[in-house]
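Asker: Okay, sequence plus prediction incoming.
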Amino acid sequence: MYHCNASSPSPWLDLIEALAAGGIPVGEDFPWDLYAHVVCELCSQHSTYHAAYLGELSPVSHVWVIWESGGFTYVMLRPCGAVDPTVNPVQREACTLFADHWPGHSWQFTDMLQD
Ligand SMILES: [Zn+2]
Ligand SMILES: [Zn+2]
């Protein structure tokens, strides 16, 4: 199973560039490359919106950005957390996607996300 890997310029890049153009310093060491794009973490067969993980507000509330051609939306979602029951419990890794995601847990992908 492969990642979707759809990439888009990040929704916040315009804002940061506008701040910088307006004379508001964003720091010379701002990691432009790291935040220039978002990459879809869902499986390659999914439909509708793309989704990229942004961060954790709490163990049960993760922030994702989802996007379609119409624009970006920020959402808070429960983590999936599913584990592979066929793997030794000591070596199991919880799925890093959100609950009720399209088929394909994070530990089922055989490729890397393309940053
Ligand atoms: Zn996608
Ligand atoms: Zn999952």
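Answerer: Perfect, thanks for sending it. Ligands and ions are numbered 1, 2, ... in the order given.
Asker: helix/strand/coil for the residue lying closest to A82 once chain neighbours are set aside?
Answerer: Of all residues not flanking A82 in the chain, C95 sits nearest, at 4.5 Å (Cβ to Cβ, 6 or more residues apart in numbering). In short, each C-beta sits where N, CA and C put it, glycine included. In three-state terms, and counting by DSSP: H, G, I helix; E, B strand; the rest coil, C95 is coil.
Asker: quick thing: my sequence starts at 19, can you match it?
Answerer: Got it, first residue is 19 now, which makes that one C113.
Asker: show me what contacts C113?
Answerer: By Cβ atoms under 8 Å, 6 or more residues apart in numbering, the contact list for C113 reads 97-101, 119, 123-125.
Asker: Any figure for the gap between it and ligand 2?
Answerer: C113 sits at a distance of 3 Å from ligand 2 (criterion: Cβ to the ion, to the nearest Å).
Asker: Give me the next element, helix or strand, following the worst-scoring helix or strand of the chain on mean pLDDT.
Answerer: Ranked by mean pLDDT, DSSP states H and E, the weakest helix or strand in the chain is helix 50-53, scoring a mean of 70. Counting by DSSP states H and E, the next helix or strand C-terminal to helix 50-53 is strand 55-57.
Asker: For that next one, give me every contacting residue.
Answerer: Strand 55-57 has contacts (Cβ under 8 Å, 6+ apart) with 21, 23-29, 68, 70, 83, 85, 131-133.
Asker: that older thread, among the contacts of C113, name the buried ones.
Answerer: Applying 16 or more other Cβ atoms under 10 Å to the contacts of C113, the neighbour count classes 97-98, 100, 119, 123-125 as buried.
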